[in-house]
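# Need the 3D shape of this:
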Amino acid sequence: MGGGGFTRLPGGSVVVAVSLPRPSAEAGAGSRVRVLVHAANRPRALTRLRNFGLRAVLRGNAEPPTPDEVTAVLHHPDGVVWRSVSVPDGATELWHPIGSLFRPAV
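Numbers count the residues shown, from 1 in each chain. Model (predicted):
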């Protein structure tokens, strides 16, 4: 059902998962986020990420999305979500819309 950072769904669409450095200036060194994209095919999913300015970091990801991650992105109206990878042990962070990744933290 998956491999190479994406999972093909029964309807033919895919969910692509990438882990990448957090693009905001406030984030500390080593801060990473996990981004999930639902699209008709893998090239279209990567194009959606490039349209958000995430260009050079989209190669070589080999960790496919988990079933919980697939559920999260399928239930989001935009079909593109993210959450921090570097949260303290035991803490759970909710998924955020992709637009909030580029806004300054308040």
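
# If I look at Arg103, what pLDDT would I see?
As predicted, Arg103 sits at a pLDDT of 69.

# Show the average pLDDT along the helix or strand where Arg44 lies.
Using DSSP states H and E, the element containing Arg44 is helix 42-51. For helix 42-51, mean pLDDT is 89.

# next one: it to chain centre, how far?
11 Å (C-alpha atoms, centre = their mean, to the nearest Å).

# Against which helices or strands is that helix packed?
strand 14-21, strand 32-39 (3 or more C-beta pairs under 8 Å, 6 or more residues apart in numbering; DSSP states H and E). In this view, the C-beta of every residue, glycine as well, is placed from N, C-alpha and C.

# make it 10 Å
If contacts are counted by 3 or more C-beta pairs under 10 Å, 6 or more residues apart in numbering; DSSP states H and E, helix 42-51 sits against strand 6-8, strand 14-21, strand 32-39, strand 80-84.

# can you pull the alpha-carbon coordinates of the next helix or strand after that helix into PDB?
Counting by DSSP H and E, the element after helix 42-51 in chain order, helix or strand, is helix 67-74. Output of helix 67-74 as PDB, limited to C-alpha atoms (Å, rounded to 0.1, in the frame of the first residue of the first chain):
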ATOM      1  CA  PRO A  67      -2.600   5.100   9.000                       C
ATOM      2  CA  ASP A  68      -3.300   7.900  11.600                       C
ATOM      3  CA  GLU A  69      -1.500  10.400   9.400                       C
ATOM      4  CA  VAL A  70      -3.500   9.400   6.400                       C
ATOM      5  CA  THR A  71      -6.700   9.800   8.400                       C
ATOM      6  CA  ALA A  72      -5.600  13.300   9.600                       C
ATOM      7  CA  VAL A  73      -4.900  14.600   6.100                       C
ATOM      8  CA  LEU A  74      -8.000  13.100   4.600                       C
END
